[in-house]
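>>> Sequence and predicted model, in that order:
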Amino acid sequence: MTTELTVLGLAALLQALQMGAFSVAANRQVGADTALGPRDEPVRLTGMAGRLQRAMNNHFEALLLFAIAVVVLSFFKITTPFTAACAWAYLGARVLYVPAYAFGWVPWRSVIWAVGLLATLAILLAALFT
């Protein structure tokens, strides 16, 4: 398995961890009855639960683009030290993004997000132009 595919698997595990952290925080905020209910009415989360939810949703969006980049690399059997380093940079940025969002690290949250996006775009460009 390539480094990029390994990092994609780790990024998916990170997503699962984010889902768990969000679920625990949300359940603490709204209580078991609301959490287990049908949610016919939207529940607005605030504070840490809301920030963890938004960080999780942001990773769903970023993970999709990263997965496409890795699939393109894998399809064309392109893997280089550069694309491997970009994959690790993406994962590192996504790991740091969670506490950056949860604890409101301004402006670092945006900087960390940009690192992840640029790493993903670099992988796509490397795959398309190699």
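Now that the structure is in, tell me what you want to look at. Given the structure is predicted, the values throughout are model-derived calculations rather than measurements. Numbers count the residues shown, from 1 in each chain.
>>> Identify the residue nearest the geometric centre of the protein.
Nearest to the geometric centre of the chain sits H59, at 2.7 Å (Cα atoms, centre = their mean).
>>> Contact partners for that residue?
Contact partners of H59, counting by Cβ atoms under 8 Å, 6 or more residues apart in numbering, are 14-15, 18, 94, 97-98. (Glycine included, C-beta is placed from N, CA and C.)
>>> Now with 6 Å, please.
15, 18, 94 (Cβ atoms under 6 Å, 6 or more residues apart in numbering).
>>> Closest to F103 out of these?
Q18 (14.6 Å; Cβ to Cβ).
>>> all helices for this structure, in order.
Listed in chain order, the helices of the chain (DSSP state H) span 3-30, 32-36, 47-75, 81-102, 108-129.
>>> right, so the ones you listed: which one is the most enclosed?
Highest mean neighbour count of those: helix 81-102, a mean of 20 (counted as mean count of other Cβ atoms under 10 Å).
>>> With just CA atoms, put that helix into PDB.
What follows is helix 81-102 as a C-alpha-only set of coordinates in PDB (Å, rounded to 0.1, in the frame of the first residue of the first chain):
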ATOM      1  CA  PRO A  81       8.300  11.600  -1.900                       C
ATOM      2  CA  PHE A  82       6.600  14.900  -2.700                       C
ATOM      3  CA  THR A  83       3.000  13.400  -2.800                       C
ATOM      4  CA  ALA A  84       3.800  11.400   0.300                       C
ATOM      5  CA  ALA A  85       5.000  14.500   2.200                       C
ATOM      6  CA  CYS A  86       1.800  16.300   1.000                       C
ATOM      7  CA  ALA A  87      -0.400  13.500   2.300                       C
ATOM      8  CA  TRP A  88       1.300  13.600   5.700                       C
ATOM      9  CA  ALA A  89       1.000  17.400   5.700                       C
ATOM     10  CA  TYR A  90      -2.800  17.100   5.000                       C
ATOM     11  CA  LEU A  91      -3.200  14.600   7.900                       C
ATOM     12  CA  GLY A  92      -1.100  16.700  10.300                       C
ATOM     13  CA  ALA A  93      -3.100  19.800   9.400                       C
ATOM     14  CA  ARG A  94      -6.400  17.900   9.900                       C
ATOM     15  CA  VAL A  95      -5.300  16.600  13.300                       C
ATOM     16  CA  LEU A  96      -4.300  20.100  14.400                       C
ATOM     17  CA  TYR A  97      -7.500  21.600  13.000                       C
ATOM     18  CA  VAL A  98      -9.700  19.800  15.500                       C
ATOM     19  CA  PRO A  99      -8.300  21.600  18.600                       C
ATOM     20  CA  ALA A 100      -7.700  24.800  16.600                       C
ATOM     21  CA  TYR A 101     -11.500  24.900  15.900                       C
ATOM     22  CA  ALA A 102     -12.600  23.500  19.300                       C
END
